[in-house]
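1. just need the structure, nothing else, for what follows:
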Amino acid sequence: MRRPHPELPTERLLLRQWRDTDLDPLAEMEADPEVMRYIGDGSPGTRERSAAALERMRAGWDERGFGLFAAEESETGELIGWVGLAVPAFLPEVLPAVEIGWRLRRRSWGRGYATEAARVVLAFAFEEAGLDRVVSICHVDNLASARVMTKLGMTLDRTTHVPGHGRRVHVMSRSRNPTRPPASGAAADSGTAPTPCTP
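-> Here you go, the predicted structure:
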């Protein structure tokens with residue numbers, strides 16, 4: 001049974017539940033090689049993969065009571081991507097954990113949308129979802145996402161490799177209580193810059 005999830009307004013965005021009509025803009029975004037450059041193995045997505053991802057995003061809310069929000073630009077009503085919470089099953093060494101992440105269409109980059117939305121989602125994670133700690137994971141060269149993570153008050157937990165494709169990633173973390181010490185095994189390979197999912 002599908003249960004509703006909250007909608008979170010920000011200054012310029014509405015973080016809302018997913019709709020069937022979101023598939024076209026989602027597929028267009030994920031077919032962009034620049035958007036997908038640091039995601040997974042770096043391959044552009046297909047419409048079929050985007051359709052499956054849309055169903056997984058909906059199911060995540062039903063299963064866990066938190067998940068990925070569709071990010072809609074308030075002024076235009078256009079879907080510009082997603083921001084939210086997910087379990088990073090692709091990186092077993094950090095589990096159990098919940099990741100905060102984002103992915104935005106290219107023409108919405110550079111406007112501060114990721115930081116604006118992620119701050120609201122981070123508050124939701126701690127205050128509504130009852131999480132004590134969140135992580136964020138990104139390719140070591142994804143400097144735009146690194147800057148967002150730093151603005152969220154996240155610090156480097158470790159640098160490692162994703163088993164599925166071998167790409168090197170930073171794992172950043174933040175606790176509800178910011179004085180909490182880093183998880184054991186942190187900084188297995190101390191890189192330089194911090195940092196998830198796209199600029």
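
2. top helix in this structure by residue count?
-> Ranked by residue count, the top helix of the chain under DSSP state H comes out as helix 47-64.

3. now do the buried residues in that helix.
-> By neighbour count with 16 or more other CB atoms under 10 Å, helix 47-64 contains the buried residues 50, 53-54, 57-58, 60-61. Using the backbone N, CA and C atoms, a C-beta is placed for each residue, glycine as well.

4. from these, which single one is nearest Gly153?
-> Of all the buried residues of helix 47-64, Gly60 has the smallest distance to Gly153: 24.6 Å, by CB to CB.

5. contacting residues for that closest one?
-> Each residue near Gly60 by CB atoms under 8 Å, 6 or more residues apart in numbering is listed here: 66-68, 86.

6. where does the protein have low pLDDT?
-> 1-4, 178-199 (pLDDT under 70).

7. ranges for the helices of it?
-> According to DSSP H, the helices that the chain contains are 23-30, 47-64, 113-127, 143-151.

8. the ones you listed: which one's closest to Ser175?
-> Among the helices of the chain, if distance is taken as CB to CB, the winner is helix 113-127, at 8.9 Å.

9. packing partners for the closest one?
-> strand 8-9, strand 13-16, strand 68-73, strand 79-86, strand 99-104, strand 133-139, helix 143-151 (3 or more CB pairs under 8 Å, 6 or more residues apart in numbering; DSSP states H and E).

10. can you add mean neighbour count and distance to Arg158 and give those back as TSV?
-> Output for the helices and strands packed on helix 113-127, formatted as TSV (neighbours: other CB atoms under 10 Å; distance: least, CB to CB, whole Å):
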stretch	mean neighbour count	distance to Arg158
strand 8-9	16	30
strand 13-16	20	29
strand 68-73	24	24
strand 79-86	25	19
strand 99-104	24	14
strand 133-139	24	10
helix 143-151	21	14
